[in-house]
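> Got a predicted model here, sequence first, then my questions.
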Amino acid sequence: EDQVTQSPEALRLQEGESSSLNCSYTVSGLRGLFWYRQDPGKGPEFLFTLYSAGEEKEKERLKATLTKKESFLHITAPKPEDSATYLCAVDMNSGYSTLTFGKGTMLLVSP
Amino acid sequence: GAVVSQHPSRVICKSGTSVKIECRSLDFQATTMFWYRQFPKQSLMLMATSNEGSKATYEQGVEKDKFLINHASLTLSTLTVTSAHPEDSSFYICSASRGGALGNEQYFGPGTRLTVT
């Protein structure tokens, strides 16, 4: 069965303490892997799309990488405003493009 | 760019009544719109996919007669929760995709908190 697993479920960092979030997937055909940020009570905010193994994308303190089995979201020198839930999703259908989400990693960055 | 709005942001209704939620893509034409629901501390669950001018495709276990979806134009989709019950209380989120060569990214609205009393 196709599956998206994110780890850890929750992560607490000190401001400036770099770390990585993991998203592993088992799908029959990957059409894209997406990272979103979600603040409490709000809709997800698009961060990155990765399409093929070896691809990397960066935005401010965030860098997303992709292999054939997993993706990492690296957070460099995080700030308290980076606190949020980070969601990973994969597009794997052959028909309409739909997303299957992982359960997310709740990140808390303390000052 | 790629801004999606939802209205209302919060709604409280009585059991047995119907509620309509609107989803609009403000600065792009959406070939496809999606409706999700999210329970507290859980991830998003896809309810249905809709394309302008055609019937929505519902995920397994989602009642199409209870959750009516209308995709009237390339910028507007509506979700009507009919005969709402307390168990329908949830956070409903829509998303829109430009599709085709412009990519399959989905851009999400801010969500609608539905409470059924």
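Great, that's in hand.
> So, low pLDDT: which residues of chain A?
A:1-2, A:93-96 (pLDDT under 70).
> Skip the chain neighbours and tell me the closest residue to residue 32.
All of this refers to chain A. A:Asp91 (4.4 Å; Cβ to Cβ, 6 or more residues apart in numbering or on different chains). (Glycine included, C-beta is placed from N, CA and C.)
> let's do chain B instead
B:Ser97 (4.8 Å).
> got a list of what the one you found touches?
With contacts defined as Cβ atoms under 8 Å, 6 or more residues apart in numbering or on different chains, B:Ser97 is in contact with A:97, B:30-34, B:103-107.
> Sort out for me which of these are in strands.
B:32-34, B:106-107 (DSSP state E).
> can these go into CSV with extra columns for neighbour count, distance to B:Thr57 and pLDDT?
Formatted as CSV, the ones in strands among the contacts of B:Ser97 follow (neighbours: other Cβ atoms under 10 Å in any protein chain shown; distance: Cβ to Cβ, whole Å; pLDDT from 0 to 100):
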residue, neighbour count, distance to B:Thr57, pLDDT
B:Thr32, 23, 10, 90
B:Met33, 29, 11, 93
B:Phe34, 27, 10, 94
B:Gln106, 28, 15, 91
B:Tyr107, 23, 19, 94
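> which residue ranges form the strands in chain A?
A:3-7, A:10-14, A:19-26, A:32-38, A:45-50, A:56-59, A:62-66, A:70-75, A:84-91, A:99-101, A:105-110.
> just those: most buried one?
strand A:84-91 (a mean of 24; mean count of other Cβ atoms under 10 Å in any protein chain shown).
> State the distance from B:Pro8 to B:Thr82.
17 Å (Cβ to Cβ, to the nearest Å).
> do B:His7 as well
With Cβ to Cβ as the criterion, B:His7 and B:Thr82 are 18 Å apart.
> right, and the strands of chain A - which one's nearest B:Ser77?
Ranking these by proximity to B:Ser77 (Cβ to Cβ) places strand A:99-101 first, at 16.3 Å.
> and chain B, which residues reach chain A?
Within chain B, the positions adjacent to chain A are B:2, B:4, B:6, B:32, B:34, B:42-44, B:46, B:49, B:51, B:57, B:91, B:93, B:95, B:97, B:99, B:103-111, B:113 by Cβ under 8 Å from any Cβ of the partner chain.
> and the closest residue to A:Asp82 other than its chain neighbours, bridged to which residues?
Distances taken as Cβ to Cβ, 6+ apart place A:Val109 nearest to A:Asp82, at 5.2 Å, with adjacent residues excluded. In this structure, A:Val109 bridges to A:Leu13 when assessed by DSSP bridges.
> for B:Leu46, same thing?
Beta-bridge pairing for B:Leu46 (DSSP bridges): B:Tyr36.
> List the contacts of it.
Contacts of B:Leu46 (Cβ under 8 Å, 6+ apart): A:98-100, B:34-36, B:59.
> Show me which pair in the residues you listed is furthest apart.
A:Thr100 and B:Trp35 (15.1 Å).
> Mind pulling up the pLDDT for the residue nearest the centre of chain B?
Nearest to the mean C-alpha position of chain B, counting by Cα atoms, centre = their mean, stands B:Trp35 at 3.3 Å. Note on B:Trp35: pLDDT of 96.
> List the contacts of it.
Counted by Cβ under 8 Å, 6+ apart, B:Trp35 has contacts B:23, B:46-48, B:50, B:67, B:69, B:77, B:79, B:92-94.
> Appreciated, that's everything.
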